[in-house]
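In: how would this look folded up:
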Amino acid sequence: MRIAESELIINPDGSAFHIHLRPEELADTVILVGDPGRVDLVEEYLSDIEFRHSSREFVSVTGKYNGKRVTTLSTGIGTDNCDIVMTELDALANVDFETREPKEERRELTVLRIGTSGAIQPDIPLGSPIFSYYSIGCDGLLNWYADRDKITDREMEEAFKAHVNWDKNLPSPYFVKASDELAARFEDCSVKGMTVSAPGFYGPQGRVVRLRLAMPDMLDRFESFRSGGFRITNFEMESSAIAGLARHMGHQAGTICVAIANRHLKSANPDYKSLIRSLVELSLDRLTKE
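Out: Numbers count the residues shown, from 1 in each chain. Have a look, this model is predicted:
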(Lines give C-alpha, C1' and ligand atoms only; values in the text may rest on other atoms or scores of the structure.)
Protein backbone atom coordinates (compact mmCIF):
# COMPACT_ATOMS: atom_id res chain seq x y z
CA MET A 1 0.00 0.00 0.00
CA ARG A 2 1.53 3.27 -1.13
CA ILE A 3 1.18 6.07 1.42
CA ALA A 4 -0.02 9.28 -0.24
CA GLU A 5 2.12 12.42 -0.20
CA SER A 6 -0.58 14.27 1.74
CA GLU A 7 -0.52 11.63 4.52
CA LEU A 8 3.24 11.36 5.00
CA ILE A 9 5.04 14.51 3.90
CA ILE A 10 8.70 13.98 3.02
CA ASN A 11 11.00 16.96 2.64
CA PRO A 12 13.00 17.44 -0.58
CA ASP A 13 16.15 16.27 1.23
CA GLY A 14 14.48 12.94 2.07
CA SER A 15 13.77 13.77 5.72
CA ALA A 16 10.56 13.48 7.76
CA PHE A 17 8.49 16.66 7.50
CA HIS A 18 8.59 17.97 11.08
CA ILE A 19 11.60 16.37 12.75
CA HIS A 20 13.92 16.63 9.70
CA LEU A 21 15.60 13.27 10.27
CA ARG A 22 16.45 10.95 7.38
CA PRO A 23 15.99 7.18 7.74
CA GLU A 24 19.71 6.42 7.85
CA GLU A 25 20.23 8.99 10.63
CA LEU A 26 17.92 7.28 13.14
CA ALA A 27 19.44 4.98 15.76
CA ASP A 28 17.52 2.04 17.24
CA THR A 29 17.81 3.66 20.68
CA VAL A 30 16.07 7.05 21.02
CA ILE A 31 16.04 9.47 23.95
CA LEU A 32 13.23 12.00 23.85
CA VAL A 33 13.39 15.24 25.81
CA GLY A 34 10.83 18.04 25.90
CA ASP A 35 13.18 21.00 26.05
CA PRO A 36 15.36 21.50 22.92
CA GLY A 37 18.11 22.70 25.25
CA ARG A 38 18.30 19.25 26.82
CA VAL A 39 19.48 17.82 23.51
CA ASP A 40 22.70 19.79 24.14
CA LEU A 41 22.99 18.15 27.55
CA VAL A 42 22.61 14.62 26.17
CA GLU A 43 25.02 15.48 23.34
CA GLU A 44 27.75 16.27 25.90
CA TYR A 45 27.90 12.56 26.72
CA LEU A 46 27.93 11.28 23.12
CA SER A 47 30.94 10.60 20.92
CA ASP A 48 31.15 10.31 17.12
CA ILE A 49 28.43 12.92 16.54
CA GLU A 50 26.97 12.39 13.06
CA PHE A 51 24.84 15.55 12.59
CA ARG A 52 22.65 18.13 14.28
CA HIS A 53 19.23 19.14 12.94
CA SER A 54 16.99 21.92 14.21
CA SER A 55 13.46 22.79 13.08
CA ARG A 56 11.04 24.61 15.38
CA GLU A 57 11.03 22.73 18.70
CA PHE A 58 12.47 19.58 17.11
CA VAL A 59 16.25 19.38 17.62
CA SER A 60 18.07 16.10 17.00
CA VAL A 61 21.54 14.58 17.30
CA THR A 62 22.86 11.05 16.75
CA GLY A 63 26.09 9.83 18.31
CA LYS A 64 27.46 6.96 20.40
CA TYR A 65 27.52 6.11 24.09
CA ASN A 66 29.37 3.04 25.37
CA GLY A 67 29.87 2.22 21.69
CA LYS A 68 26.11 2.09 21.05
CA ARG A 69 24.40 4.41 18.58
CA VAL A 70 21.87 6.75 20.22
CA THR A 71 19.58 9.43 18.78
CA THR A 72 18.31 12.21 21.02
CA LEU A 73 15.39 14.36 19.91
CA SER A 74 13.34 17.13 21.52
CA THR A 75 9.56 16.97 21.29
CA GLY A 76 8.46 20.28 22.78
CA ILE A 77 5.53 20.21 25.19
CA GLY A 78 2.41 18.07 24.94
CA THR A 79 0.96 14.83 23.60
CA ASP A 80 0.04 16.52 20.31
CA ASN A 81 3.74 17.05 19.61
CA CYS A 82 4.43 13.44 20.61
CA ASP A 83 1.86 12.28 18.05
CA ILE A 84 4.04 13.99 15.41
CA VAL A 85 7.32 12.67 16.80
CA MET A 86 6.27 9.05 17.32
CA THR A 87 4.53 8.82 13.94
CA GLU A 88 7.53 10.23 12.09
CA LEU A 89 10.02 8.07 14.02
CA ASP A 90 7.99 4.98 13.14
CA ALA A 91 7.82 6.08 9.50
CA LEU A 92 11.59 6.54 9.40
CA ALA A 93 12.01 3.02 10.76
CA ASN A 94 9.26 1.17 8.91
CA VAL A 95 8.38 3.01 5.69
CA ASP A 96 10.51 3.01 2.55
CA PHE A 97 10.81 6.72 1.77
CA GLU A 98 11.56 5.95 -1.90
CA THR A 99 8.51 3.79 -2.63
CA ARG A 100 6.30 5.18 0.16
CA GLU A 101 5.33 1.65 1.11
CA PRO A 102 5.64 -0.05 4.52
CA LYS A 103 8.74 -2.24 4.76
CA GLU A 104 8.23 -5.99 4.88
CA GLU A 105 10.73 -6.38 7.74
CA ARG A 106 9.66 -4.36 10.77
CA ARG A 107 12.24 -2.41 12.77
CA GLU A 108 11.72 -2.03 16.52
CA LEU A 109 12.85 1.13 18.31
CA THR A 110 13.59 1.60 22.00
CA VAL A 111 12.28 5.03 23.02
CA LEU A 112 12.79 6.61 26.44
CA ARG A 113 11.43 9.99 27.46
CA ILE A 114 13.50 11.86 30.06
CA GLY A 115 11.83 14.81 31.75
CA THR A 116 10.45 16.54 34.81
CA SER A 117 7.19 16.03 36.66
CA GLY A 118 5.18 16.96 39.72
CA ALA A 119 4.67 14.27 42.37
CA ILE A 120 1.29 14.04 44.09
CA GLN A 121 2.02 11.52 46.86
CA PRO A 122 3.40 12.97 50.14
CA ASP A 123 6.10 10.30 50.50
CA ILE A 124 7.83 11.02 47.15
CA PRO A 125 10.73 13.41 47.88
CA LEU A 126 11.79 16.13 45.46
CA GLY A 127 14.53 14.82 43.19
CA SER A 128 13.10 11.29 42.97
CA PRO A 129 13.24 9.59 39.55
CA ILE A 130 9.81 8.15 38.72
CA PHE A 131 9.48 5.50 36.01
CA SER A 132 5.99 5.44 34.47
CA TYR A 133 4.98 1.77 34.58
CA TYR A 134 1.52 2.97 33.58
CA SER A 135 0.59 6.22 31.87
CA ILE A 136 -2.89 7.70 32.14
CA GLY A 137 -3.79 9.72 29.06
CA CYS A 138 -6.17 12.50 30.05
CA ASP A 139 -5.53 14.14 26.67
CA GLY A 140 -7.72 11.90 24.48
CA LEU A 141 -5.05 11.37 21.80
CA LEU A 142 -5.17 7.58 21.63
CA ASN A 143 -8.95 7.64 21.22
CA TRP A 144 -8.45 8.96 17.67
CA TYR A 145 -6.82 5.66 16.64
CA ALA A 146 -8.64 2.40 15.92
CA ASP A 147 -8.25 -0.61 18.22
CA ARG A 148 -7.08 1.42 21.19
CA ASP A 149 -8.71 -1.13 23.49
CA LYS A 150 -6.21 -3.77 22.35
CA ILE A 151 -3.34 -1.92 24.01
CA THR A 152 -5.04 -0.27 27.00
CA ASP A 153 -6.28 -1.51 30.35
CA ARG A 154 -10.06 -1.03 30.24
CA GLU A 155 -10.56 -2.38 33.76
CA MET A 156 -8.25 0.28 35.21
CA GLU A 157 -9.90 2.97 33.09
CA GLU A 158 -13.39 2.18 34.32
CA ALA A 159 -12.26 1.92 37.94
CA PHE A 160 -10.47 5.27 37.64
CA LYS A 161 -13.44 7.07 36.09
CA ALA A 162 -15.74 5.76 38.80
CA HIS A 163 -13.33 6.64 41.61
CA VAL A 164 -12.71 10.25 40.52
CA ASN A 165 -16.26 10.83 39.22
CA TRP A 166 -14.86 11.69 35.78
CA ASP A 167 -16.53 14.70 34.18
CA LYS A 168 -18.46 13.64 31.04
CA ASN A 169 -17.26 16.73 29.16
CA LEU A 170 -13.62 15.63 29.41
CA PRO A 171 -11.88 13.22 26.98
CA SER A 172 -12.16 9.60 28.05
CA PRO A 173 -8.90 8.64 29.80
CA TYR A 174 -6.77 5.70 28.65
CA PHE A 175 -4.31 3.56 30.62
CA VAL A 176 -1.21 2.25 28.82
CA LYS A 177 1.58 0.08 30.21
CA ALA A 178 5.22 0.90 29.47
CA SER A 179 7.67 -1.56 27.97
CA ASP A 180 8.39 -4.36 30.45
CA GLU A 181 11.97 -4.53 29.21
CA LEU A 182 12.57 -0.84 29.88
CA ALA A 183 10.79 -0.97 33.24
CA ALA A 184 13.14 -3.77 34.32
CA ARG A 185 16.18 -1.65 33.47
CA PHE A 186 15.07 1.08 35.88
CA GLU A 187 13.36 -1.02 38.54
CA ASP A 188 16.12 -0.70 41.16
CA CYS A 189 16.72 3.04 40.78
CA SER A 190 13.30 4.68 40.48
CA VAL A 191 9.89 5.07 42.08
CA LYS A 192 7.28 2.69 40.66
CA GLY A 193 5.06 5.17 38.88
CA MET A 194 1.56 5.56 37.50
CA THR A 195 1.73 8.86 35.66
CA VAL A 196 -1.01 11.22 34.52
CA SER A 197 -0.35 12.91 31.17
CA ALA A 198 -2.35 16.12 31.22
CA PRO A 199 -3.26 18.25 28.18
CA GLY A 200 -2.15 21.40 29.97
CA PHE A 201 -0.04 22.68 32.86
CA TYR A 202 -2.63 24.62 34.86
CA GLY A 203 -6.28 23.52 34.97
CA PRO A 204 -5.68 19.99 33.62
CA GLN A 205 -3.19 19.43 36.45
CA GLY A 206 -5.49 20.88 39.09
CA ARG A 207 -3.82 24.29 39.37
CA VAL A 208 -6.00 27.29 40.12
CA VAL A 209 -4.84 30.75 39.08
CA ARG A 210 -7.94 32.74 38.10
CA LEU A 211 -10.26 30.11 36.62
CA ARG A 212 -12.23 27.54 38.61
CA LEU A 213 -11.83 23.82 37.91
CA ALA A 214 -14.41 21.41 36.50
CA MET A 215 -13.29 18.88 39.17
CA PRO A 216 -12.25 21.00 42.18
CA ASP A 217 -11.21 17.97 44.27
CA MET A 218 -9.32 16.32 41.40
CA LEU A 219 -5.94 16.09 43.18
CA ASP A 220 -7.40 14.40 46.27
CA ARG A 221 -9.28 11.86 44.16
CA PHE A 222 -6.26 11.13 41.97
CA GLU A 223 -4.04 10.72 45.03
CA SER A 224 -6.38 8.17 46.62
CA PHE A 225 -6.85 5.98 43.51
CA ARG A 226 -5.40 2.45 43.72
CA SER A 227 -5.42 -0.35 41.14
CA GLY A 228 -3.35 -3.49 40.62
CA GLY A 229 -0.81 -2.52 43.26
CA PHE A 230 -0.31 0.92 41.70
CA ARG A 231 -1.15 4.44 42.84
CA ILE A 232 -0.99 7.67 40.86
CA THR A 233 2.43 9.17 41.51
CA ASN A 234 2.94 12.19 39.28
CA PHE A 235 1.79 14.58 36.56
CA GLU A 236 3.53 15.40 33.29
CA MET A 237 2.41 16.03 29.70
CA GLU A 238 3.84 13.45 27.27
CA SER A 239 4.20 9.89 28.57
CA SER A 240 0.77 8.54 27.57
CA ALA A 241 1.16 9.40 23.89
CA ILE A 242 4.66 7.94 23.76
CA ALA A 243 3.70 4.72 25.53
CA GLY A 244 0.40 4.32 23.68
CA LEU A 245 1.63 5.00 20.17
CA ALA A 246 4.77 2.93 20.70
CA ARG A 247 2.76 -0.06 21.89
CA HIS A 248 0.37 0.34 18.94
CA MET A 249 3.30 0.53 16.50
CA GLY A 250 5.32 -2.30 18.04
CA HIS A 251 8.14 -0.32 19.71
CA GLN A 252 9.54 -0.44 23.25
CA ALA A 253 8.88 2.80 25.12
CA GLY A 254 8.83 4.30 28.59
CA THR A 255 9.16 7.54 30.52
CA ILE A 256 11.34 8.45 33.48
CA CYS A 257 10.92 11.86 35.09
CA VAL A 258 12.51 13.53 38.07
CA ALA A 259 10.10 15.05 40.59
CA ILE A 260 10.76 18.79 40.77
CA ALA A 261 7.55 19.59 42.66
CA ASN A 262 5.26 17.86 45.13
CA ARG A 263 1.67 18.98 44.74
CA HIS A 264 0.54 17.42 48.03
CA LEU A 265 3.26 19.18 50.02
CA LYS A 266 3.04 22.34 47.88
CA SER A 267 6.83 22.32 47.47
CA ALA A 268 8.99 22.82 44.39
CA ASN A 269 12.62 22.98 43.33
CA PRO A 270 13.05 25.31 40.32
CA ASP A 271 16.84 24.77 40.38
CA TYR A 272 16.73 21.24 39.00
CA LYS A 273 19.39 21.22 36.26
CA SER A 274 21.74 19.00 38.25
CA LEU A 275 18.90 16.51 38.74
CA ILE A 276 18.29 16.33 35.00
CA ARG A 277 22.00 15.82 34.38
CA SER A 278 22.03 12.89 36.81
CA LEU A 279 18.94 11.45 35.11
CA VAL A 280 20.58 11.71 31.69
CA GLU A 281 23.68 9.90 32.97
CA LEU A 282 21.56 7.17 34.57
CA SER A 283 19.42 6.74 31.45
CA LEU A 284 22.34 6.52 29.04
CA ASP A 285 24.02 3.90 31.23
CA ARG A 286 20.88 1.79 31.57
CA LEU A 287 19.96 2.03 27.87
CA THR A 288 23.38 1.01 26.58
CA LYS A 289 24.45 -1.72 28.98
CA GLU A 290 24.06 -5.30 27.81
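In: Just the endpoints, please. Distance across stretch 261-272?
Out: 10 Å (CA to CA, to the nearest Å).
In: again, but for stretch 244-255
Out: Note: stretch 244-255 ends 12 Å apart using CA to CA.
In: How about stretch 102-118?
Out: 39 Å.
In: Give me the buried positions along that stretch.
Out: Neighbour counts over stretch 102-118 (16 or more other CB atoms under 10 Å) mark 109-118 as buried. In this view, the C-beta of every residue, glycine as well, is placed from N, C-alpha and C.
In: In CSV, list those residues along with distance to residue 22.
Out: Below are the buried residues of stretch 102-118 laid out as CSV (distance: CB to CB, whole Å):
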residue, distance to residue 22
109, 15
110, 20
111, 18
112, 22
113, 22
114, 24
115, 26
116, 30
117, 32
118, 37
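In: which residues of the stretch 151-290 of the chain fall in strands?
Out: 174-177, 191-197, 226-227, 230-231, 234-236, 252-262, 267-268 (DSSP state E, counting those that start in this stretch).
In: Who are the contact partners of residue 183?
Out: Each residue near residue 183 by CB atoms under 8 Å, 6 or more residues apart in numbering is listed here: 131, 133, 254.
In: how close does the closest residue to the first one other than its chain neighbours sit to residue 43?
Out: When the adjacent residues along the chain are set aside, residue 131 lies closest to residue 190, with 4.1 Å between them (CB to CB, 6 or more residues apart in numbering). With the distance defined as CB to CB, to the nearest Å, residue 190 ends up 24 Å from residue 43.
In: neighbour-wise, which of the two wins?
Out: Between residue 190 and residue 43, residue 190 has the larger neighbour count (other CB atoms under 10 Å), namely 21 against 16.
In: Do you know the pLDDT at that one?
Out: On pLDDT, residue 190 comes in at 97.
In: tell me the contacts of it?
Out: Per CB under 8 Å, 6+ apart, neighbours of residue 190: 128-131, 256.
In: which residues of the stretch 1-150 of the chain fall in strands?
Out: Using DSSP E, counting those that start in this stretch, the strands found in the stretch 1-150 of the chain span residues 29-33, 47-55, 58-65, 68-74, 95-96, 101-102, 110-119, 129-137.
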